[in-house]
Structures are given as structure tokens and as C-alpha cells.
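J.: next one to model:
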Amino acid sequence: MTRQRIIASGILAILSLSGITGCITAKSGGGPVSRQEAAQIMGSDFTPADKQQKESFAQLDKSEDWLRGLNGSGASGALQMKTDYSLGKILKSGWVPSRVHYIERRSQGERSSTVFREDTTFVPGYPLVWPVWTAWSGTYMQSSGEQIGRRNAFGLGLGCFIAGRVKMAEPVTLAISDGQTPGQYNAFEIWFLAAGVLGGGRMNHYYYGQLLWVAFPVGRAD
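T.: Take a look at the predicted model:
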């Protein structure tokens, strides 16, 4: 994984590690939600790619080759990727919001989909200091430009050790035919203190509290 992606997903990585003891993000929340419900959890509607984003993705598609070593088969099918990631963009994130673009092509059996993703990271003071972490991203279908995934993250302290808040909505699967928009999503909105020692939030259909990295349901959200 590139260093830029480590920065952009630092908060989520910590939450994933905490998940082995029952973190909120490791819960099913009663199963996936609809596209409309996912937008409600995020607090705003999905937004199609704008003209500038489409132009950036088109340029990336023309100028870069598919990365090697990312092809493979498994439950999620075969994957290929292009990216304009660079060392300069890593260092830029310490001064101004830095954008990195990705094109991912997935195939599973006769189904295939190509998605674009724009990750934006701003970590003031990086790499010397990084007391504040901010990252947000959007994922879009190549065929229609429709947004199918969103993530917003904010944290305090190295690796968000002090506190953090994360919102994310991602489709359950991208194993769909080109031109189709995913209908089911996993979506959550959570906050936490001390890298997850204390926290709370919503995962799909349920609200949860969290103590010592162990999440417990506190009620239905719908």
C-alpha cells in the first residue's frame, strides 16, 4: 500500500485493527442498507462526478498503464488499477489538500465494472508533525459518473490516537454489470476517543456504544 493511501485511510485502519475485539465497524448492523438510507447516514445525497473530476479521470486513463501485480482471482474477482499517486502529492498533503486519483477495473465471471476514486488528504504539518488528520474520498462509476461511495474522516493526534470521527458508505459489492448502480450499501457514522477505548455511532440499521474496543447495540436506527 502506498504511503498516501496509508495517510488517507489511517483512521479506518486503526478501526479495522480494533475490530478484532468487536469495534463498531466489525458489526453487521443488521445487514446492508439501501442507497437512499446510505445517503441519510452520510448526511447528504450522493453527488455525481463533476466536469473537472471527469477530465482528471480521463487523463489518468490515457496516460497511465494498468499496474502490475494487482491481477488476481478470489471472492472479489480480478482487479486492475491505475493511479497518479506520487511522492510530491504525499508531501503536498502537509500544506494543502492533496488529491490522488485511482481507476479500478474489477471482473467476476461475466460481470465487470470500472470505477474511479478520488482520495483527498490534508494533514497540516506532515511529515514533521501531524496532530490533525483529515481525509475524504468519492468513488464513481465510469459508465455513468454516478457516485457510489463516500468517506469522510477527521482525527486528532498521531494516528488519531486522541479522537476521531468517520463517516463511510460503500457498496456491498462491485461485481455488477457496467452501467448498473449498486443498490445495497454498508454505511456507518462513528466517533471515538483514545483510539477506540470509548466511542459510539451507527452501523447500518443499529446504533452502538463502544467501551474498551467492544461495541454493544443500544437501539435500532430505523
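J.: for this structure, what spans make up the strands?
T.: 33-34, 78-83, 98-108, 111-122, 132-141, 147-156, 163-171, 184-193, 198-203, 206-211, 214-220 (DSSP state E).
J.: so how far is S137 from the residue nearest the centre of the chain?
T.: For the chain, the residue nearest the mean C-alpha position is R151 (4.6 Å; Cα atoms, centre = their mean). As judged by Cβ to Cβ, to the nearest Å, R151 and S137 stand 5 Å apart. Every C-beta, even on glycine, is put in place using the N, C-alpha and C of the backbone.
J.: report how many residues lie close to S107.
T.: Here the count is done by other Cβ atoms under 10 Å, and S107 has 17 residues near it.
J.: so how far is T114 from it?
T.: 10 Å.
J.: who's in contact with the residue nearest to the centre of the chain?
T.: When contacts are counted by Cβ atoms under 8 Å, 6 or more residues apart in numbering, R151 touches L12, A135, W136, S137, V166, K167, M168, A169, E170.
J.: columns distance to D45 and mean pLDDT on top of the strands of the chain, output as CSV?
T.: Shown next, in CSV, are these (distance: least, Cβ to Cβ, whole Å; pLDDT from 0 to 100):
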stretch, distance to D45, mean pLDDT
strand 33-34, 13, 97
strand 78-83, 27, 89
strand 98-108, 22, 89
strand 111-122, 17, 91
strand 132-141, 12, 95
strand 147-156, 9, 95
strand 163-171, 11, 96
strand 184-193, 13, 96
strand 198-203, 18, 96
strand 206-211, 22, 96
strand 214-220, 23, 95
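J.: so which of the ones you listed comes closest to A26?
T.: strand 214-220 (7.4 Å; Cβ to Cβ).
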